[in-house]
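A.B. asks: sequence and predicted structure below; questions after.
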Number of protein chains: 2
Amino acid sequence: MADATISGRAADAVVEEIEREIVSGDLASGRLLPPERDLVARFGISRAAVREVIVTLTNKGLLESKPRHRPVVRKPGFDTAFSALGGIVTHLLKQDGGVKTLFDVRIFLEAALVRHAALSARKEDIAALRAALERNRAAIEDPVLFDNTDVAFHAVFYTIPGNPVFPAVHQAFVHWLYDHWQSMRRSPEQNLVYHAGHRDIFEAVRDRDPEAAEQALSAHLSEAWATVKETFEDGATGGDTNRGA
Amino acid sequence: MADATISGRAADAVVEEIEREIVSGDLASGRLLPPERDLVARFGISRAAVREVIVTLTNKGLLESKPRHRPVVRKPGFDTAFSALGGIVTHLLKQDGGVKTLFDVRIFLEAALVRHAALSARKEDIAALRAALERNRAAIEDPVLFDNTDVAFHAVFYTIPGNPVFPAVHQAFVHWLYDHWQSMRRSPEQNLVYHAGHRDIFEAVRDRDPEAAEQALSAHLSEAWATVKETFEDGATGGDTNRGA
DNA sequence: AATTGAATTCTGGTCGACCAAACTGGTCAG
DNA sequence: CTGACCAGTTTGGTCGACCAGAATTCAATT
C-alpha cells in the first residue's frame, strides 16, 4: 500500500526502516536526523539514495527539512497528515469549482459539528464558546484581530468532540481557504454581520437547539461564501461544482 | 506551502513548473513524463535534481512512478489527495487509540451524511440505496461479496451530496480500515445483523426521518466497532507492544 | 576572562559518469 | 509471410566526487 508505494527502489527499504524508527520513538520528535553520510554507512546505500529517502519522508511529513540544514524529525500527528495534503489541494483549489467544493465540505462538516455541540457540549465547552464570542465581539474594529478571533470561534466547535482529527481538519481548512478568505478585507460593518452570525450560533448551542444551531451556522457560512466568492469570480468558469463523480 | 516547506533547492522551481504543467493540462493525465534527460536539458539542472523532482511529485501524487518505467502523469483529484495521506495515517493507526479515533470520525461523518440523505436524497438516490441494500441482502451467504456490497451500500451516502470530496473520504476510510475490518466479519449470522442495520438505515432515510436514520447509522457502526475492536484488543490499549513487522 | 572573528571541519546540494533493465528495430529461421 | 531471437539504443537506478553554506573551534584581542 502507501508505504510500498509503487517502488522497488533500494531507497524504499530504508524509508520504511526510518519510518519505523520515528514512529517507535527511537528517533525522537524534534531530534535531528543523522547526517546523510551516517545513513549511507549504516544502510550501505549511496548518498543519492539516502537523499531520496529524505525527500520522501519530508513529503510524507515525517521530517521537516529546511534548505541547508539537517532534517528535523517530526512524529506524525493528524495535523501533520493534513499538511501533507497541502500541495495537492492547493492545486485542486485552482481547478474549476475547487474552492466551492471545499467550502461546501466545510459547511457540511461544521454544520454537523455545531449540531453535535448543541446536543452534547459540556459546560466548559459552552464557556469556551462564550469567551471566544466575546473576544470576537471586542475585535470588531480590528481587521486582523477579528480574523483571528473569527477562526478561533469556529475552532472551538472542532475541539468539542474531543477527537484530534477535527482540529486538524479545521487547521487544514483555514490554511487552504485563508488566501481567498483574506482577499476580501473585512470592514467593521461586515464584521458586525459576521459577529452576529457567531452570536446566533452560540445562542442556539447554548439553548441546546440543534436545528437552530445548524441553521444559523449554515446561514453564517453561506453568507461568508457569498462574499468570498466575489473575490475570485471575475469571470469564472461558471461550472458549479457539484455532480462530479 | 508544501512548496516552501522544503524549498531552497534548485529542484523546487522545477517542481512548481511541472506541477503547473500537469494542472494546466499541458501534460495530460495518463501521458508519460518526458525522459529525465530531456528535463535535464530543458531546465538546465542535473539529473539528480530532476530525479528529486520526480520523487517529490510522485509523493505528492501527481506522478505515478513504477520501478523501472517512465513516470505516468496523474492529474490530481481529491482521491489522489487522500491517497497521499495513506503513509502517515497508516502509522497513526498503529499508535494507541488510532483506529478508534478514525472510526469515530467515520461514525460522526457518516451520521451527518445519513441525516443529510434523509433530508435531501432525491428519488434516484433512494433507488440507489434500495438497490445497494438488495445486493447486500443477496450476498449474506457470501463473505467476500457481502463485504463488497457492504462497502458499496455505505458508499452511496457519500455520493448523495454530490461533492467529490466525500467519495474520496469514503475511499480513504475503506482503505485505512480495511485490514481491521477484514480481520473478522465472516459469518452469515453476523452478516444478517449487519444487513439488518443497513435496512434500518435505509428505511429511515426512505421515510425521511433524519433522527431515526442517524440513530440507526450510529447503532450500526457502533455495533460494527464493537466487533472489530476485539480483533486487535487481545492485549490492549496500554502498552504499545511491538516492533515487528 | 570574555568576546569576536577567522580557519577548519562538517554537512547538505549539485553534478557527471557508470550500470542494468526495458524498448526498438531488424534479421533469420520456420 | 510470420514470429522469435538478438543487438543496439534508450532510459531509469546507483554511485562517488566536488562545491558551497553552516556550525564549530580556537586563538588573538580587548
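C.D. replies: Cool, the structure landed.

A.B. asks: show me how the record splits chain A into domains.
C.D. replies: A:10-73, A:80-230 (automatic domain parsing).

A.B. asks: what does chain A have sitting close to DNA strand C?
C.D. replies: When proximity is defined as C-beta under 7 Å from any atom of the strand, chain A approaches DNA strand C at A:33, A:35-37, A:47-48, A:51, A:54, A:65, A:67-71. Where C-beta positions appear, they are placed from N, C-alpha and C, glycine not excepted.

A.B. asks: how many neighbours does A:Tyr178 have?
C.D. replies: The number of residues packed near A:Tyr178 is 12, by other C-beta atoms under 10 Å in any protein chain shown.

A.B. asks: actually A:Leu63, sorry about that
C.D. replies: 24.

A.B. asks: got phi/psi on it?
C.D. replies: Dihedral pair for A:Leu63: phi -130, psi 150, per degrees, to the nearest 10.

A.B. asks: ok, it - contacts?
C.D. replies: A:33, A:54, A:57, A:71-74 (C-beta atoms under 8 Å, 6 or more residues apart in numbering or on different chains).

A.B. asks: hmm, the one helix or strand A:Thr101 maps to in reach of chain B?
C.D. replies: Using DSSP states H and E, A:Thr101 maps to helix A:98-120. Yes: Helix A:98-120 is in contact with chain B by C-beta under 8 Å from any C-beta of the partner chain, via A:101-102, A:104-105, A:108-109, A:111-112, A:115-116.

A.B. asks: closest to DNA strand C among these?
C.D. replies: A:Leu102 (31.7 Å; C-beta to the nearest atom of the strand).

A.B. asks: am I right that that closest one is in contact with A:His175?
C.D. replies: No: under the criterion of C-beta atoms under 8 Å, A:Leu102 makes no contact with A:His175, lying 11.1 Å away.

A.B. asks: more crowded one of these two?
C.D. replies: Applying other C-beta under 10 Å to A:Leu102 and A:His175 shows that A:Leu102 carries more neighbours, namely 22 against 17.

A.B. asks: picking that back up, give me the subset of the residues of chain A next to DNA strand C touching DNA strand D.
C.D. replies: Okay, of the residues of chain A next to DNA strand C touching DNA strand D (C-beta under 7 Å from any atom of the strand), that's A:47-48, A:68-69.

A.B. asks: separation between the residue nearest the centre of chain A and chain B?
C.D. replies: Closest residue to the average C-alpha location of chain A: A:Ala172 at 1.0 Å, with C-alpha atoms, centre = their mean. In this view, A:Ala172 and chain B are 11 Å apart by C-beta to the nearest C-beta, to the nearest Å.

A.B. asks: please name the residues that touch that residue.
C.D. replies: A:79, A:82-83, A:85-86, A:89.

A.B. asks: now do the lowest-mean-pLDDT helix or strand in chain A: which elements does it pack against?
C.D. replies: Lowest by mean pLDDT, DSSP states H and E among the helices and strands of chain A is helix A:78-94, with a mean of 76. Applying 3 or more C-beta pairs under 8 Å, 6 or more residues apart in numbering or on different chains; DSSP states H and E, one finds that helix A:78-94 contacts helix A:98-120, helix A:165-183, helix B:2-6, helix B:10-24, helix B:78-94.

A.B. asks: what sits up against that helix?
C.D. replies: Residues outside helix A:78-94 that contact it (C-beta under 8 Å, 6+ apart): A:59-62, A:74, A:98-99, A:101-102, A:164-165, A:167-169, A:171-172, A:175-176, B:1-3, B:19, B:23, B:60-62, B:76-78, B:80-82, B:84-85, B:88-89, B:92, B:101.

A.B. asks: now list the buried members of these.
C.D. replies: Taking 16 or more other C-beta atoms under 10 Å in any protein chain shown as the criterion, what is buried in the contacts of helix A:78-94 is A:59-62, A:74, A:98-99, A:101-102, A:164-165, A:167-169, A:171-172, A:175-176, B:2-3, B:19, B:23, B:60-62, B:76-78, B:80-82, B:84-85, B:88-89, B:92, B:101.

A.B. asks: now stretch A:158-177 - C-alpha only, PDB.
C.D. replies: Output of stretch A:158-177 as PDB, limited to C-alpha atoms (Å, rounded to 0.1, in the frame of the first residue of the first chain):
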ATOM      1  CA  TYR A 158     -13.900  21.300  16.200                       C
ATOM      2  CA  THR A 159     -12.500  20.700  19.600                       C
ATOM      3  CA  ILE A 160     -15.800  19.700  21.300                       C
ATOM      4  CA  PRO A 161     -16.000  16.200  20.000                       C
ATOM      5  CA  GLY A 162     -12.600  15.600  21.600                       C
ATOM      6  CA  ASN A 163     -11.300  13.900  18.600                       C
ATOM      7  CA  PRO A 164      -7.900  15.100  17.400                       C
ATOM      8  CA  VAL A 165      -8.900  14.700  13.800                       C
ATOM      9  CA  PHE A 166     -11.300  17.600  13.800                       C
ATOM     10  CA  PRO A 167      -8.900  20.300  15.000                       C
ATOM     11  CA  ALA A 168      -6.500  19.100  12.300                       C
ATOM     12  CA  VAL A 169      -9.200  19.400   9.700                       C
ATOM     13  CA  HIS A 170     -10.000  22.800  10.900                       C
ATOM     14  CA  GLN A 171      -6.500  23.800  10.700                       C
ATOM     15  CA  ALA A 172      -6.300  22.500   7.200                       C
ATOM     16  CA  PHE A 173      -9.500  24.400   6.100                       C
ATOM     17  CA  VAL A 174      -8.100  27.600   7.500                       C
ATOM     18  CA  HIS A 175      -4.800  27.000   5.800                       C
ATOM     19  CA  TRP A 176      -6.300  26.200   2.400                       C
ATOM     20  CA  LEU A 177      -9.000  28.800   2.400                       C
END
